[in-house]
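1. The following comprises the amino acid sequence and a computationally predicted model.
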Amino acid sequence: MLSREELTNIISGLVPGAEFPEGKQLLEVIVPAESYFSLAEKLKSDPKIAFNYLITQTAVDFQTYMTVVCHLESTEFRHMVVLKANLTDRENPAIDSLTALYPAAEYFEREIFDLFGIRFNNHPNLKRLFLEDDYGYPLRKDFRDEINIIER
Amino acid sequence: MSEEIIKDVIVGENEDYIINMGPQHPSTHGVLRLEVCLKGETVKYLIPHIGYIHRGIEKMCEANTYQQIIHLTDRMDYLSAHMNNEAVCMVVEDAMQVEVPERVKYIRTILNELNRLASHQLWWCAFGMDLGALTTFFYGLRDREMILDIFEESFGSRLLHSFNTPGGLMHDVHPNFQNRIKEFISYFRKKLPEYDQLLTGNVIFQERAKGVGFMSKETAIGYGVTGPSGRGSGFSCDIRKIAPYGAYDKVQFNEILETGGDVFARYQVRMAEMRESLSILEQLVDNIPEGDFTAKMKPIIKLPAGEYFRRVETARGELAVYVVSDGNKSPYRMKFRTPNFSNLFVMNEIAAGCKIADLIAISGSLDLVIPDIDR
């Protein structure tokens, strides 16, 4: 198991423009949306760190931008990293799909598309998972449903 | 002439034959629809359709306080209600930097294992029934009743007991608690060999379970299949061992790993886990320390702004809670990584090429709880 500093040193050498915010519970790395897929690919294939298990993938709507959050773990070394990418375009948010690396990502991404409206490039089957096609994106903060949700 | 007639009879020989299994099929144990494409009796591929009981729990969390959220988590995986509660409680305790009393840790761990036993018993009886052994259903439910009685005596509810609160427990356990558990352990130690005699050694059962639904270790890691289903493929994923919480660092137990990867391996993992749970209970039940049943908490809980992540091992795998807080009394965003969500979607991978009757065995061996998938 590598320490946090060692992991930071290895990951910062993999792609340019990676940021490491301080004072977080877990090691976090924020990358631009363009290098999101290439960093995930290197995190998985590098034998020194070998992040081969995608625990969960989700998104958070911060009103001015949206963040895609991936929790990755190495089943060999048992260290964890949180991979994040910020998307500023709220009308047509899009990012690369991780399905080619982690099969589990296929349905996590369909869920994110269903609830946040984030599109995933190169996704094999990007359809809504729970809701109907004409429903809004309920986990966005500007979602309004006057019939079912009472504002307090 | 005769050849032409035969050609006419085999209409659609090269077409896919699609049937819908569910949403009301008894073997899915809930409202799940599997769109199965068949070639003769062989499954070509299957597509799971979910969302029949999607309640939007993650959206509801954004409007509720942390104490209220605990009651929502019961309704995800209702057979692991206690573990789901504990995950949320531990996230809050981590964020508030509250140290829970030792007594709470012991009682929570005991309840975890009782809940895991009850869940595995229900799985065992339903799995046997899926494969045509009706007697298992009576045996399993008879023994599970004793655990539910212990729950009822202490918390008043049998299935959805929101007994955990952030910082501790709702109230102290019933004075009979320890005696009832000891009674149960000695009773179930005698009954567990009957389970093996009834089903494990049965030739018909073994024929249906061995070599069916093979899942490799790489598939299990790639799809994130955790819990007994993943450990049946040799994927070491027991959170109780990886990141011990509660009193798990004070007890001796083994992580059960099988390398078979088929339905029978997953069955054996769960049977062995029942024995491990009994041994954990035996080690803890006499050593519950005296003390408070809750730490001192403020009546209104506001998490400091930030992000928190916590994992627990439920009866079906890894439950992770991810909270983004902006400092208010309800979370800004709450995400539950539920074990069944990941466990379901591996089905297409492992069921392709098997017979349609084996599909029942495979879905039974993955031990799916549908409200946990839909949330």
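-> Good, I have the coordinates. Residues are numbered from 1 along each chain as shown, chains lettered A, B, ... in the order given.
2. For the lowest-mean-pLDDT helix or strand in chain A, enumerate the helices and strands it packs against.
-> Lowest on mean pLDDT, DSSP states H and E among the helices and strands of chain A sits helix A:4-12, with a mean of 77. Of the remaining helices and strands, none touches helix A:4-12 by 3 or more CB pairs under 8 Å, 6 or more residues apart in numbering or on different chains; DSSP states H and E. Just so you know, the C-beta spots here come from the backbone N, C-alpha and C atoms, and that holds for glycine as well.
3. Any chance you could list what contacts the longest helix anywhere in chain A?
-> Criterion DSSP state H: the longest helix present in chain A is helix A:105-116. Defining contact as CB atoms under 8 Å, 6 or more residues apart in numbering or on different chains, one finds that helix A:105-116 is touched by A:54, A:56-59, A:61, A:66, A:68, A:93, A:97-99, A:118-120, A:123-131, A:137-140, B:58, B:341-342, B:345.
4. Filter those residues down to just the buried residues.
-> A:54, A:56-59, A:61, A:66, A:68, A:93, A:97-99, A:118-120, A:123, A:126, A:128-130, A:137-140, B:58, B:341-342, B:345 (16 or more other CB atoms under 10 Å in any protein chain shown).
5. and these, which of them are in helices?
-> B:58, B:341, B:342.
6. Return the closest of those with respect to chain A.
-> Using CB to the nearest CB, residue B:342 comes nearest to chain A of those, at 5.7 Å.
7. among the ones in helices among the buried ones among the contacts of helix A:105-116, which are within reach of chain A?
-> For chain A, the contacts drawn from those by CB under 8 Å from any CB of the partner chain are B:58, B:341, B:342.
8. For chain A, what's the nearest residue on the stretch 51-200 of chain B?
-> residue B:51 (3.7 Å).
9. Helix, strand, or coil at that residue?
-> Of the three states, residue B:51 takes coil according to DSSP: H, G, I helix; E, B strand; the rest coil.
10. Read off the pLDDT value for the residue nearest to it when sequence neighbours are not counted.
-> Leaving aside its chain neighbours, residue B:51 sits nearest to residue A:130 (3.7 Å; criterion: CB to CB, 6 or more residues apart in numbering or on different chains). On pLDDT, residue A:130 comes in at 87.
11. From what I see, residue A:130 and residue B:54 are in contact.
-> Yes. Contact status for residue A:130 versus residue B:54: in contact at 4.2 Å, counting by CB atoms under 8 Å.
12. correct me, but residue A:120 touches residue A:94?
-> Yes. Between residue A:120 and residue A:94 there is a contact under CB under 8 Å: 7.3 Å.
13. mean confidence score for whatever helix or strand comes next after the least confident helix or strand of chain A?
-> Counting by DSSP states H and E, the element after helix A:4-12 in chain order, helix or strand, is strand A:28-31. For strand A:28-31, mean pLDDT rounds to 88.
14. What residues of strand A:28-31 count as buried?
-> A:28, A:29, A:30, A:31.
15. closest to chain B among the residues you listed?
-> Relative to chain B, and with distances defined as CB to the nearest CB, the nearest of the buried residues of strand A:28-31 is residue A:28, at 8.2 Å.
16. Name the nearest residue to that closest one, sequence neighbours excluded.
-> residue A:82 (4.5 Å).
17. Show me what the helix or strand containing the one you found pairs with in its sheet, parallel or antiparallel.
-> Assigned by DSSP H and E, residue A:82 belongs to strand A:80-87. Looking at strand A:80-87 with DSSP bridges, its partner strands are strand A:28-31 (parallel), strand A:66-73 (antiparallel).
18. Okay, angle between the last one and helix A:105-116 too, please.
-> It refers to strand A:66-73. 150 degrees (axes from the mean of the first three to the mean of the last three CA atoms, to 10 degrees).
19. follow-up on the earlier one: these two touch, right, the residue of the stretch 51-200 of chain B closest to chain A and residue A:129?
-> Yes. Using CB under 8 Å, residue B:51 is in contact with residue A:129, at 6.4 Å.
20. follow-up on the earlier one: okay, the strand holding residue A:82 in CSV with CA atoms only?
-> The C-alpha trace of strand A:80-87 is given here as CSV (Å, rounded to 0.1, in the frame of the first residue of the first chain):
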residue,chain,number,x,y,z
MET,A,80,-8.1,4.4,-3.2
VAL,A,81,-8.3,7.5,-5.3
VAL,A,82,-11.2,9.8,-6.2
LEU,A,83,-11.1,10.9,-9.9
LYS,A,84,-13.0,14.0,-10.7
ALA,A,85,-13.7,16.1,-13.8
ASN,A,86,-15.6,19.3,-14.0
LEU,A,87,-18.1,20.1,-16.8
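21. how much distance is there from it to the middle of the chain?
-> 6 Å (CA atoms, centre = their mean, to the nearest Å).
22. Near residue 49, how many other residues are there?
-> No chain was given, so I picked chain A. 22 (other CB atoms under 10 Å in any protein chain shown).
23. Sorry, I should have been clearer: chain B.
-> For residue B:49, using other CB under 10 Å, the count is 14.
24. Tell me the bridge partners for it.
-> Beta-bridge partners, per DSSP bridges, of residue B:49: residue B:33.
25. what pLDDT does residue 107 get?
-> You didn't say which chain, so I picked chain A. 90.
26. not quite, I wanted chain B
-> 90.
27. so who does it touch?
-> Residue B:107 neighbours (CB under 8 Å, 6+ apart): B:169, B:173, B:288, B:293.
28. Those residues of chain A touching chain B, which are they?
-> Residues of chain A lying near chain B (CB under 8 Å from any CB): A:24-26, A:52-56, A:58, A:60-61, A:69, A:71, A:75, A:78, A:82, A:102-104, A:106-107, A:115, A:129-131, A:138-139, A:149, A:152.
29. where does chain B dip in pLDDT?
-> B:1-14, B:26-28 (pLDDT under 70).
30. again, only this time at 80
-> B:1-16, B:22, B:24-30, B:40 (pLDDT under 80).
31. where along it do the strands fall?
-> Using DSSP state E, the strands of chain B run over B:17-21, B:33-39, B:42-49, B:164-165, B:168-169, B:306-314, B:317-325, B:333-337.
32. And the fourth one, what does it pack against?
-> Which is strand B:164-165. Partner elements for strand B:164-165 (3+ CB pairs under 8 Å, 6+ apart): helix B:66-73, helix B:81-96.
33. Mind listing the strands it pairs with, and their directions?
-> strand B:168-169 (antiparallel).
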